[in-house]
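Q: okay, structure incoming, though there's no sequence with it:
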C-alpha cells in the first residue's frame, strides 16, 4: 500500500513525517482561504489563530506539495496517525487529482489525500468563516500559541510558495496587511517588507473565543 497526501499550508515547508517522495504541483477547483481556527498550535481558545483551509471554487487551482509514503503498513500508519493529530482541526479527508506543471490536462496522480474542513460553523467548531481583510490581519498579527505566532505561519507560507515558484495572491495580500498592522504597533518588520499603513487602526479583535474541548492524544505541532 502507498498513499499520497497533498500539503497546501505548513506541510509545504514543514512536513514533519518521513516520506519517500515529494512532488510540486497543484489541485484544481479549490482555493486557499484563511477561514479555519487554530487553538492549540498558533493560537489559543481565547484568541484563535487563522490558518488556511480549502474552499471549492470552480476553475481555481491551488499549488502545493504532494508527499508519498510507502514501505509497509506500520510506516504508513505512523505517518497517517501523525498527520491526523497535527491536522486535528480539519474534519474531512478528501481525495483529489494532482497535476504537475508539465501536464495540466492529465492528472499525475489520482486519489491523493487532502485534509479539508466543513465550511459550517454549526457542525464544525473550528470554522471561522470569511472576514474583512483588515480584521483577519489584526487577528493574525496578534495570535500566539504553543508552536509560535500566527504571523510567522503566514510569512513562512508566503516564502514557501515563493520558493516553489507559485505565489498565491490571497496570501500576499494578507501578508501585506499583517505587516501594516505590525508596523503600527511597533513590531520590527524587515526593511524590504516595510509598507506604509493607515494612521488609525483598532487592534481589538471581534473574533469570539472558541470553546476548547480536550483532544485525544493531542500534541503540540505546527499546523
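A: Okay, I see it. Only a predicted model underlies this, so the values are computations on that prediction, with no experimental measurement involved.
Q: top strand in this protein by residue count?
A: Longest among the strand segments of the chain by residue count, using DSSP state E, is strand 49-69.
Q: tell me the helix or strand right after it.
A: Once the chain leaves strand 49-69, the next helix or strand it forms, by DSSP states H and E, is helix 73-86.
Q: hmm, who's touching the helix or strand following that following helix?
A: Once the chain leaves helix 73-86, the next helix or strand it forms, by DSSP H and E, is strand 92-98. For strand 92-98, the external contacting residues (CB atoms under 8 Å, 6 or more residues apart in numbering) are 4, 6, 23, 25-28, 30, 66, 107-118. C-betas here are computed from N, CA, C, even on glycine.
Q: looking at those, which are in strands?
A: Short answer: the contacts of strand 92-98 in strands (DSSP E) are 4, 6, 23, 25-28, 30, 66, 109-116.
Q: in PyMOL, select just the buried ones from the residues you listed.
A: Buried residues among these (16 or more other CB atoms under 10 Å), as a PyMOL selection:
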select buried, resi 4+6+23+25+26+27+28+30+66+109+112+113+114+115+116
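Q: would you mark the buried spots in stretch 93-107?
A: 94, 96, 98, 99, 107.
Q: between which two of those is the distance greatest?
A: 94 and 99 (15.6 Å; CB to CB).
Q: need the distance between the two termini of stretch 104-121.
A: 34 Å (CA to CA, to the nearest Å).
Q: and for residue 57, the neighbour number?
A: Here the count is done by other CB atoms under 10 Å, and residue 57 has 14 residues near it.
Q: mind checking the longest helix of this protein?
A: helix 169-184 (DSSP state H).
Q: flag every buried residue along that helix.
A: 171, 174, 175, 177, 178, 179, 180, 181, 182, 183, 184.
Q: which of these sits closest to residue 122?
A: residue 174 (26.0 Å).
Q: looking at it, that closest one is touching residue 34, isn't it?
A: Yes. In this structure, residue 174 is within contact of residue 34 by CB atoms under 8 Å, at 6.4 Å.
Q: any residues in contact with both of the two?
A: By CB under 8 Å, 6+ apart, the residues touching both residue 174 and residue 34 are 136, 140, 154.
Q: low-confidence ranges, this protein, go.
A: Scanning the chain for pLDDT under 70 picks out the ranges 187-223.
Q: next, count neighbours for residue 49.
A: 30.
Q: SS state for the closest residue in space to it that isn't next to it in sequence?
A: Excluding the flanking residues, the one nearest residue 49 by CB to CB, 6 or more residues apart in numbering is residue 43, at 3.0 Å. Recorded secondary structure, residue 43: coil (DSSP: H, G, I helix; E, B strand; the rest coil).
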